[in-house]
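quick one: sequence and predicted model below, then my questions.
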Amino acid sequence: MPLLIPQNTSLYNILTYEGICLINKYKFNKHIKPLKILILNLMPTKLETEIQLLRVLGFSNHYIEITFLTTKTYISKNTSKEHLDMFYKTFDEIKDEYFDGMIITGAPVEHLDFEDVAYWNEFKNIMDYSYKNIKSTFHICWAAQAGLYHHYGIKKYSLDEKVFGVFSHKSNNSYSKLLNGFDDEFFAPHSRYSYTKKEDVEDLDDLEILSESDEAGIYIIKSKDFKNIFVTGHSEYDSYTLYNEYKRDIDKNIDVQIPRNYFLDDNPNNNPIVKWRGHSNLLFYNWIKILTSL
């Protein structure tokens, strides 16, 4: 079904070429009620993240209206003001609205304590708002750790070595609606310098660990009522996202290992092997289906 988005030429050209059906939400038939999804985009490469998320949401069989949200207390240095003014809203502009779902992206701030993040107070306000105005919030990577900390007091811990690559995962509850149709083994990218302790999550009755990895740790966590979903990896990443992150760090002389299980023969001169796309589409498809029943 179509995605209803602001008229953004770049998004339209790229996603329609891939077969994703898009409609200018300002020209949409008002008699059809779409699901309303709010996307808080904290990534520095805003357009790239927009494409990744709209790509996976586009496989749903529901009309979905997208609203992009950005922080007011911190202005992105990698995205033009014109782009933000044209396609994004701030919290003050939407705080009285209701949405079916919200997605909060990762952010390159995990080396900081949560309270030291420039937009932390604004982020907390958005988290509090989500409990009243949103059926279910899908937290990705840093946002998953931040959401667990804000809602449940669960801390994050630094790693000696970055979890970086594509890792095998297993389902802990194959009957969960969020994992409907998943294989016994599936793959997902990770890119982070911190982790959440499994025992901290297991201590709370409201949380369930749906999936984990022997190498990458806990992966998908949900609250019992699906109000909050926490995904510690990046299933939305496209083919070359990990490569671009690897090249960026190399160019900055950062000591980073080759992303594991990603390039053919683990050789960065070879092309990446994409083996997480089916799981990614299914994960977001199942979440959208859950939204319709909440």
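Thanks, I have it.

report the secondary structure state of residue 209.
Following DSSP: H, G, I helix; E, B strand; the rest coil, the label given to residue 209 is strand.

what's the burial count for it?
Residue 209 has 18 neighbouring residues, counting by other Cβ atoms under 10 Å. In short, each C-beta sits where N, CA and C put it, glycine included.

in the stretch 1-150 of the chain, which spans are strands?
Here the stretch 1-150 of the chain has its strands, by DSSP state E, counting those that start in this stretch, at 3-5, 22-24, 35-40, 64-69, 88-89, 99-104, 134-140.

dump those strands into JSON lines; add distance to residue 76 as well.
Below are the strands of the stretch 1-150 of the chain laid out as JSON lines (distance: least, Cβ to Cβ, whole Å):
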{"stretch": "strand 3-5", "distance to residue 76": "19"}
{"stretch": "strand 22-24", "distance to residue 76": "23"}
{"stretch": "strand 35-40", "distance to residue 76": "12"}
{"stretch": "strand 64-69", "distance to residue 76": "12"}
{"stretch": "strand 88-89", "distance to residue 76": "9"}
{"stretch": "strand 99-104", "distance to residue 76": "15"}
{"stretch": "strand 134-140", "distance to residue 76": "17"}
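
ok, of those, where does mean pLDDT dip lowest?
Per-stretch mean pLDDT for the strands of the stretch 1-150 of the chain is lowest at strand 22-24 (a mean of 71).

beyond the longest strand that the chain contains, next helix or strand please.
In the chain, assigned by DSSP state E, the strand with the most residues is strand 157-171. Downstream of strand 157-171, the first helix or strand assigned by DSSP states H and E is strand 185-195.

buried sites along that following strand?
186-195 (16 or more other Cβ atoms under 10 Å).

which single one of the residues you listed is nearest to residue 127?
Nearest to residue 127 among those, counting by Cβ to Cβ, is residue 194 at 18.6 Å.

excluding its backbone neighbours, what's nearest the closest one?
residue 156 (4.5 Å; Cβ to Cβ, 6 or more residues apart in numbering).

ok, that neighbour touching residue 193?
No. Residue 156 lies out of contact with residue 193 (Cβ atoms under 8 Å); the separation is 9.6 Å.
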